[in-house]
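In: Sequence and computational prediction follow.
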Amino acid sequence: MSATTLLSGRGLRKSFPVRRGVLMLVRGQLKALHSFDFDIRAGETLGVVGESGCGKTTLGRVLARIHEGEGSLEYTGRDGQRYDALGKLDPKRELAFRRDVQMVFQDPYSSLDPRMTVEKILLEPLEAHGMAKDKAAAKAYLCELLARVGLHADALQRYPHEFSGGQRQRIAVARALALKPRLIICDEPTSALDVSVQSQVINLLKEIQEREGLAYIFISHNLDLVRYVSDRIYVMYLGRVVEAGESELLFSDPAHPYTQALLRSIPNWDPQARSLLNAELRGEAPSPLWDPPGCPFEPRCPKAAARCRSEAPAQRDVRGRLVACHFA
Ligand SMILES: Nc1ncnc2c1ncn2[C@@H]1O[C@H](COP(=O)(O)OP(=O)(O)OP(=O)(O)O)[C@@H](O)[C@H]1O
Ligand SMILES: [Mg+2]
């Protein structure tokens, strides 16, 4: 349990400027992440779940430094030094962070450049990090990378459109692995794939983790999948953590009313089949522009009381996990 904490976020925030109103004249801020606290240890798998629009992708992008967030985000480098990874880094640290933390995106059709051969796609990160100076050695390494994700070396000369969705996602995984990262953030890595191919890609990711000991953050709508892969889970609602703890604990004994409703809706947990979820949760998710003083889940919560409208619940320990609810 004393594994190094890789990344540790405190009060992480991200807002987007938006225009609203009928004439789109009113400028406002959409708070996609509200004061988000989280930690991930080396070799651990974290699951992140929550309805569409709750801020999962935004979180992944802030953690990967694709979006610039606010708050604090501490990273422990390979040399054991901890530093704040938000904002500008010195070039050496920037390069090291880019190497250590990779992201695999939801859509394998748009995340690979269609004009590049697989060889170019895989070579690009190596070149950016000065690791492809010996051409023959780099090529041999690419073949080895492909073998690790179950693809044949002849894939190198082909283009992304010549592959199936599952094969493309394997190429995206190979690209993420190329620099031997310490953390891969997987944002819905299988939701664009057939169910049978989904489990192949998930099992591949798990096998790689067992061999190489890297950490994953697994963002997904699919609760069954998140339960299968994750050591710990963060349940998100409107940019906040509502419950966080060991995966089995959350699944066997959910404490937050939102987690409870999500788990009851598992058979229909699918963005296309929301009806059951909505029946459970009393109405649609609120607008992301809504920023209430109290608990954001209050309008849909079966336990809601007056206090929930006026006072935001702080995170507290309830039966061994963190929960943000006055009545959990
Ligand atoms: N670049 C942006 N500009 C303005 N608003 C944005 C931007 N990116 C995300 N948002 C808003 O931030 C909120 C969170 O979006 P995000 O993509 O993180 O949700 P998500 O949980 O990943 O949803 P999904 O499950 O549908 O992928 C949404 O309301 C979204 O509209
Ligand atoms: Mg998303």
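Out: Perfect, I can see it now. Ligands and ions are numbered 1, 2, ... in the order given.
In: what does the protein have sitting close to ligand 1?
Out: Residues of the chain lying near ligand 1 by C-beta under 6 Å from any ligand atom: 16, 18, 30, 32, 50, 52-58, 221, 288. In short, each C-beta sits where N, CA and C put it, glycine included.
In: In strands only, show me those.
Out: 16, 18, 30, 32 (DSSP state E).
In: Let me have the residues of the chain next to ligand 1 in JSON lines, adding distance to V195 as columns.
Out: Below are the residues of the chain next to ligand 1 laid out as JSON lines (distance: C-beta to C-beta, whole Å):
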{"residue": "F16", "distance to V195": "33"}
{"residue": "V18", "distance to V195": "36"}
{"residue": "L30", "distance to V195": "33"}
{"residue": "A32", "distance to V195": "30"}
{"residue": "G50", "distance to V195": "22"}
{"residue": "S52", "distance to V195": "20"}
{"residue": "G53", "distance to V195": "24"}
{"residue": "C54", "distance to V195": "24"}
{"residue": "G55", "distance to V195": "27"}
{"residue": "K56", "distance to V195": "21"}
{"residue": "T57", "distance to V195": "22"}
{"residue": "T58", "distance to V195": "27"}
{"residue": "H221", "distance to V195": "14"}
{"residue": "P288", "distance to V195": "30"}
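In: quick one: buried residues of the helix or strand hosting I202?
Out: Assigned by DSSP states H and E, I202 belongs to helix 195-212. The neighbour-count check on helix 195-212 (16 or more other C-beta atoms under 10 Å) flags 197-198, 200-202, 204-205, 208-209 as buried.
In: Now the element after it, going C-ward?
Out: Using DSSP H and E, the helix or strand that follows helix 195-212 towards the C-terminus is strand 215-219.
In: is that next one anywhere near ligand 2?
Out: No - counting by C-beta under 5 Å from the ion, no contacts exist between strand 215-219 and ligand 2, the nearest distance being 6.7 Å.
In: That strand versus helix 195-212: what angle between them?
Out: Relative orientation of strand 215-219 versus helix 195-212 (axes from the mean of the first three to the mean of the last three C-alpha atoms, to 10 degrees): 160 degrees.
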